[in-house]
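Visitor: I'll drop the sequence and a predicted model, then ask my questions.
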Amino acid sequence: MSTKARILEVAAALVAESPNGDVSTRAVCEAAGVGAPALYRHFGDKEGLLSAVVDHGYDKYLATKRRRRPGTDPVQDLRDGWDTHTEFALRNPNLYRLMNSPAMRTPPAAALESHQILTADLQRAAEQGKLRLAPELAAQIIMSANVGVSLMLVSRPATFTDRTISRRVRDAVHAAVFTTDVTDSGPDTAPSEPTESRLPATATRLGALLRQTPSPAFTPAETGLLTEWLDRLSNTSGA
């Protein structure tokens, strides 16, 4: 094992074992059997080391998502994705709090990749006409809610004792993001939806399809303008 890998493994173990999730560079160096110059040479500073620890730990979680083949129902994939996100947080509370700490000035690469995977699933949902909002906005709403409830569960376990709250929040958020036929009893409910409720979903689907296969009937500038209008119809539906 290389010196860099040994430092990273030791730091990850110390973070997991720490009462508050914090570690000192001195403790890492002592446990890894290296001097401070070696740590700083490989990671720059303490923040660089902790960022590498987050990426190292979260990469194992993302490996399961990378191997996952998209199912036929993107909405079910999104439900499963929410649940596995929360489960990861509960299994790795120190790492999860560190990953979402305001002290981490540079967002970990793993967190950015997770957001991209979420957006891709929402893009598939939009192409099937199941999304009320543009995928990018829907991804921000879902990710902020998923991270929020996960942080409450790991940071305030004495208050948030009922872990089913995660699925309750998930279902409430999905009800705001997906069309009625997805979140209610079934497709038979869709015709009763008022026209003003169907318009955002229609605009979202058309925008998703336009991004996937730009129409030769429009110039790039016209396509950009049309996409902007469709996103506006999608994202201001609640105004």
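Guide: Structure received. Numbering: from 1, shown residues only.

Visitor: Which helix or strand in this protein has the lowest average pLDDT?
Guide: helix 180-183 (a mean of 74; mean pLDDT, DSSP states H and E).

Visitor: Could you look up the next helix or strand downstream of that helix?
Guide: helix 195-212 (DSSP states H and E).

Visitor: Mind pulling up the pLDDT for residue 85?
Guide: We have a pLDDT of 92 for residue 85.

Visitor: If we ignore the residues flanking it in sequence, what's nearest the most far-flung residue of the chain relative to its centre?
Guide: For the chain, the largest distance from the centre (Cα atoms, centre = their mean) belongs to residue 35, which lies 36.5 Å off. Nearest non-adjacent residue to residue 35, counting by Cβ to Cβ, 6 or more residues apart in numbering: residue 29, 6.4 Å away. Glycine gets a C-beta too; all of them are placed from N, C-alpha and C.

Visitor: And for stretch 208-216, what's in contact with it?
Guide: 123, 126, 127, 131, 135, 220, 223, 226, 227, 230 (Cβ atoms under 8 Å, 6 or more residues apart in numbering).

Visitor: ok now the least confident helix or strand of the chain, how far from the chain's centre?
Guide: Put simply, helix 180-183 sits 22 Å off its chain's centre (Cα atoms, centre = their mean, to the nearest Å).

Visitor: In this structure, what residue spans correspond to helices?
Guide: Applying DSSP state H to the chain gives helices spanning 3-17, 25-32, 36-43, 46-67, 74-91, 93-99, 109-127, 135-155, 165-177, 180-183, 195-212, 220-235.

Visitor: quick one: which of the ones you listed has the weakest pLDDT on average?
Guide: Taking the mean pLDDT of these, helix 180-183 comes last: a mean of 74.

Visitor: circling back to that earlier point, which of the helices of the chain sits most buried?
Guide: Among those, ranked by average contacts under mean count of other Cβ atoms under 10 Å, first place goes to helix 93-99 (a mean of 22).

Visitor: Summarise which helices and strands it is packed against.
Guide: Secondary-structure packing of helix 93-99 (3 or more Cβ pairs under 8 Å, 6 or more residues apart in numbering; DSSP states H and E): helix 3-17, helix 46-67, helix 135-155.
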